[in-house]
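Undergrad: kindly return the folded structure for what I paste below:
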Amino acid sequence: MSDVIVTQSGPVLEIRFNRPEKKNALTGEMYDAVESAFKRADGDPGIRVVVLTGTGDAFTSGNDIKDFQARAATEEGIQVSLFLNALSSLTKPLVAAVNGMAVGVGTTMLAHADIVVAVRSARFVMPFTSLGLVPEAASSLLFPLLVGHQRASALLLLGETIDAETAYHWGLVNRLVSDAELMTVAGDYAARLAALPPEAVRQTKALIKNGRRDVSGRIEEELALFRHRLRSAEAAEAFQAFVEKRNPDFSRFS
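TA: Numbering: from 1, shown residues only. Here you go, the predicted structure:
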């Protein structure tokens, strides 16, 4: 079974992270598959809405650490860059159905969704600095706009975890539902969007996004720093500590 399942039902394209045994941790191949699905959606007039979700009890636990480390030693970031640009430039409405924990890019990608539905057990965390890294997906631009500077600082600097109720009150989530209701409610939003005049929907989405300054430029700026940080001694210590199941020691760094 594929780690990303793409299915179409009428005008709705569903993209599902399908690696539940690894909490849907993302690999380079998974980024490739989702990017291709986004491009398919934009190129097919028969597709009016995209729904993004996960299998099991996690939306995604972020990047697969072993795959991440392997790509860091080569020309890392190509798949991620293509995925992020396809996500940020998607012209069709995107409904995210968050079925559980959303870590790192699992949370940052939600700033690009048009509607976010989450189960009440969902948790959101962006632990970039604790890994010796910097944020991505233009989150350093979009999250201060979305939740305010101080809240964004707690999320991006401290890597604080917030629950679904907090995410809802901060404006990251449109609606909270039970696990059993998730795909029904997400499908409801998708059906309502698909029934609207498609060009009017695309133009309205573009107008809304026009208020977000230079997203593509910020994505590239972040990725350049991210690639540099992946090769840093701080990140090496953070990743090694993760593998060894110990607390990292950053005391020797200045």
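Undergrad: part of a helix, is residue 184?
TA: Yes: with the criterion set as DSSP: H, G, I helix; E, B strand; the rest coil, the secondary structure at residue 184 is a helix.
Undergrad: can we start the residue count at 14 from this point?
TA: Okay, residue one is now 14; in that scheme the one you just asked about reads as residue 197.
Undergrad: so who does it touch?
TA: With contacts defined as CB atoms under 8 Å, 6 or more residues apart in numbering, residue 197 has no neighbours. All C-beta atoms are positioned from the backbone trio N, CA, C, and that covers glycine.
Undergrad: can you report how many residues neighbour the closest residue to residue 173 other than its chain neighbours?
TA: Spatial nearest neighbour of residue 173, chain neighbours left out: residue 167 (4.7 Å); criterion: CB to CB, 6 or more residues apart in numbering. In terms of burial, residue 167 registers 14 neighbours under the definition other CB atoms under 10 Å.
Undergrad: which other helices and strands contact the helix or strand containing residue 167?
TA: The secondary structure element spanning residue 167 is helix 162-169 (assigned by DSSP states H and E). Counting contacts by 3 or more CB pairs under 8 Å, 6 or more residues apart in numbering; DSSP states H and E, helix 162-169 packs against helix 152-160.
Undergrad: in the helix it packs on, what counts as buried?
TA: Within helix 152-160, the residues scored as buried using 16 or more other CB atoms under 10 Å are 152, 153, 154, 155, 156, 157, 159, 160.
Undergrad: surely the third one touches residue 231?
TA: Spelled out, it's residue 154. Yes: distance between residue 154 and residue 231: 4.4 Å, which falls inside the contact criterion (CB atoms under 8 Å).
Undergrad: any weak-confidence spans in this protein?
TA: By pLDDT under 70, the low-scoring segments of the chain are 82, 84-90, 224.
Undergrad: what do you get if the cut-off is 50, keeping everything else the same?
TA: Confidence mapping of the chain against pLDDT under 50 gives zero matching residues.
Undergrad: so which residues of the stretch 164-267 of the chain form strands?
TA: For the stretch 164-267 of the chain, applying DSSP state E, counting those that start in this stretch gives strands covering 175-176, 188-190.
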